[in-house]
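Chemist: Build me a structure from this.
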Amino acid sequence: MLREEYGATYDMNAAYGGDGPIQLSNPEWAFPGQKVQMAGWKELGIGQATEGAGGNAVGMFWVPRAQDLVNQTRSYAVTGHLDPALERDNFDVLPGYCVNQILLSRDNRAEGVMIQRRGGDTVGLVRAQREVILAAGLYTPVIMQRSGIGPRKILESAGIDVHVELPGVGMNLQDQPAAGSAYGCMFRPSYFALLWIAASLQSRQLRLTSRSTQAPSMRHKHRMSINVLGQVSTQYLSNSGFRR
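Modeler: As a prediction, this is how the structure comes out:
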């Protein structure tokens, strides 16, 4: 539907794996106003990239949702990796703890981590038998620098002994800028018109998603969305001085 009506494109070979546990899919419904937005960008000379996750994220491109198309549920690290791992006997989760630094051997090999309970003073050591995998997102370079791994100038200014000089640690942060679009209505729509528009859009989305979903709570969720939109519309009209 997105490819035919909206011109959506993607490249499976350029960006995505084959049989991983995280599911990606495109929605079966999109807000019609996106067509106007895309046309406006094209008039400004902004082109459309075939795939945004393939190394050429310049211009317009479609971003798939991390959602299982079969049951319409979110697919992410918890459902794909954590939940199956919780069944293993050799896997433990320590909520409420943070990692202060990596424990390094004399030859600068990672031997474990130093942990501390949040809001507490007790510090513990966790030793590794094989390897240490550091996957802390934005805090990964912070932990590395605390451990003496990073740019010499930064470590020495903080009073940290330099174990491994790596100038790139903590550099080249690529943030995710975003821009929103706001629309002004040239006329004051009626209360019932707003409710009809909200109900129509939600009803169409429900019909499209219900074709491939088996989740029993989907219909209730969409009915709740319609009620919320109705409340927002009422609040908007009330603030505008409109009364039924």
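
Chemist: okay, CA-based contacts and neighbour counts for the rest of this
Modeler: Fine.

Chemist: which residues of this protein fall in helices?
Modeler: Secondary structure of the chain (DSSP state H): helices located at 2-6, 12-15, 33-43, 77, 83-85, 140-146, 152-157, 191-210, 218-239.

Chemist: The residue nearest the centre of the chain and G7, how far apart?
Modeler: Centroid check for the chain by CA atoms, centre = their mean gives A66 as the closest residue, at 8.3 Å. Applying CA to CA, to the nearest Å, the value for A66 to G7 is 20 Å.

Chemist: same question, P141
Modeler: For P141 relative to G7 (CA to CA), the value is 39 Å.

Chemist: for V132, same thing?
Modeler: 44 Å.

Chemist: Likewise for T140?
Modeler: Distance of T140 to G7, given as CA to CA: 38 Å.

Chemist: again with Q37
Modeler: Between Q37 and G7 the computed distance is 13 Å (CA to CA).

Chemist: any idea how this protein splits into domains?
Modeler: 2-85, 97-165, 191-239 (automatic domain parsing).

Chemist: so which of these gets nearest A178?
Modeler: Across the domains of the chain, A178 has its closest neighbour in domain 2-85 (12.6 Å, CA to CA).

Chemist: What about Y139, how many residues nearby?
Modeler: 13 (other CA atoms under 10 Å).

Chemist: before we move on, back to that, tell me who's in contact with the nearest residue to the residue nearest to the centre of the chain once chain neighbours are set aside.
Modeler: Once flanking residues are discounted, A66 sits nearest to L24: 4.7 Å by CA to CA, 6 or more residues apart in numbering. L24 is in contact with P64, R65, A66, Q67, D68, L69, S75, counting by CA atoms under 8 Å, 6 or more residues apart in numbering.

Chemist: circling back: so can I have TSV of the domains of the chain showing distance to N172 and mean pLDDT?
Modeler: Formatted as TSV, these follow (distance: least, CA to CA, whole Å; pLDDT from 0 to 100):
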stretch	distance to N172	mean pLDDT
domain 2-85	16	86
domain 97-165	11	93
domain 191-239	40	51
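
Chemist: now those as a markdown table including distance to A179?
Modeler: Below are the domains of the chain laid out as a markdown table (distance: least, CA to CA, whole Å):
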| stretch | distance to A179 |
| --- | --- |
| domain 2-85 | 12 |
| domain 97-165 | 22 |
| domain 191-239 | 23 |
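
Chemist: And the ones you listed: which comes nearest P177?
Modeler: Evaluated over the domains of the chain, closeness to P177 peaks at domain 2-85, with 12.6 Å, by CA to CA.

Chemist: and the end-to-end length of that closest one?
Modeler: Chord length of domain 2-85, first to last residue, is 35 Å (CA to CA).

Chemist: So H81 is in contact with P21, correct?
Modeler: Yes. Counting by CA atoms under 8 Å, H81 touches P21, with 7.3 Å between them.

Chemist: Give me the neighbour count for V113.
Modeler: When neighbours are counted by other CA under 10 Å, V113 registers 21.

Chemist: Next, the contact list for it, please.
Modeler: By CA under 8 Å, 6+ apart, the residues touching V113 are V99, N100, Q101, I102, L103, L125, V126, R127, V132.

Chemist: In strands only, show me the residues you listed.
Modeler: Residues of the contacts of V113 located in strands (DSSP state E): V99, N100, Q101, I102, L103, L125, V126, R127.

Chemist: out of T140 and G7, which sits in the busier spot?
Modeler: Neighbours were counted for T140 and for G7 using other CA under 10 Å; T140 has more, 15 against 12.
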